[in-house]
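**Student:** give me a 3D structure for the following:
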Amino acid sequence: MTGYPDEPAANMPVAREADTIAAVIGRIGTPDLLLTLDQVLKSIADFDLSVVFGYPYGECPRLLHNGYGAHATHEALDAYLRGAYLLDPFYTASVHGHSPGLWRMRELAPDDFFQSDFYGSSEVHPCISLEPGSLVEEIGFLVPLPCGFTAAYSLMRKTGRPPFNEGEMSRLRAFEPIVREALRSHWRQLDSSAPVSPPGGGLEAAFARFAQDYLTYQQRRIVQLILRGHSTLSISTIIGSTEGTVKIHRKNIYRRLGISSQSELFGCFIKSLFGDERSCPDSISGRSDCPPATSFRR
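**Tutor:** Coordinates of the predicted model:
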């Protein structure tokens, strides 16, 4: 007799947590780790879609886990990996040393990102289904890996469901150390057999080739910011200029490229990734050397 009749009941939550952590640890280094993490995180805060990308700076992304199911076409995922990832706030945060942890996309995105062509395009943004605007929210864990680059583990809810509330975010953040160390340990075991991405998919290489025969360095820099979803005000702040000057630059960019809208600029950029510039100037190419979409599984 211990004198504590409620002791078994009191220990039940601890036992469940121990079982959960044991299940995760037991699958490190196997193809089932990310599926197990998905199941565990869904029990904390339900979601519809998930994905894990590794973002080595200057190389193509690595698809470490594909939890999109039928909601992302192969074409959209392929376009993303070939270069559209350059416009993703999680990519930008990963390669520019943003603090690790759990973040809402809106905390990382430029001010006009959610009105941008990238966010609303079913052709290049793999977590958008055939109907633009089908995603209500995306959140993600930023996890620095031992090899020196960062992985982004995204969880998504589709339209018709509420965004992740603060209680859910708090519970997910409490589990973040387990997600972080599981992914880091997983990568240590698999790194020796990881496929090496060819060079040429990095931010500077892709944007430097895009319209390099038509635009000045400053104009190409502004194109990067436009495509990523920065407003005229945001661009003027970043480059240290006035809104009026940015508008003049934008007008000159469109004139030099023979286009008249931001949507056309976005279309030219995406086509350039595949070497298809029929509706754009002849030398606009920024074709990516990244391979087609494949999952990194063992």
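
**Student:** need the three-state assignment for residue 154.
**Tutor:** strand (DSSP: H, G, I helix; E, B strand; the rest coil).

**Student:** so residue 21 sits right up against residue 178, yeah?
**Tutor:** Yes - the criterion here is C-beta atoms under 8 Å, and residue 21 meets it with residue 178 at 6.3 Å. To be clear about C-beta, it is placed using only N, CA and C from the backbone, and glycine gets the same treatment.

**Student:** comparing these two, which residue is more hemmed in?
**Tutor:** residue 178 (17 against 14; other C-beta atoms under 10 Å).

**Student:** the more buried one: which element?
**Tutor:** Element membership for residue 178, per DSSP states H and E: helix 166-190.

**Student:** pLDDT (mean, whole number) over that helix?
**Tutor:** What helix 166-190 shows for mean pLDDT is 94.

**Student:** could you report the neighbour count for residue 32?
**Tutor:** Counted with other C-beta under 10 Å, residue 32 comes out at 14.

**Student:** and stretch 239-249, how far from the chain's centre?
**Tutor:** How far stretch 239-249 lies from its chain's middle: 29 Å, per C-alpha atoms, centre = their mean, to the nearest Å.

**Student:** contacts for that stretch, please.
**Tutor:** 218, 219, 221, 222, 225, 232, 233, 235, 236 (C-beta atoms under 8 Å, 6 or more residues apart in numbering).

**Student:** so who does the residue nearest to the spatial centre of the chain touch?
**Tutor:** Nearest residue to the geometric centre of the chain (C-alpha atoms, centre = their mean): residue 90, 4.1 Å. Counting by C-beta under 8 Å, 6+ apart, residue 90 makes contact with 53, 55, 105, 108, 140, 142, 152, 154.

**Student:** what about residue 141, distance to residue 41?
**Tutor:** From residue 141 across to residue 41, the span is 9 Å (C-beta to C-beta, to the nearest Å).

**Student:** related to what we said a few turns ago, please identify which of the contacts of residue 90 is nearest to residue 252.
**Tutor:** Closest approach to residue 252 among those (C-beta to C-beta): residue 108, at 29.9 Å.
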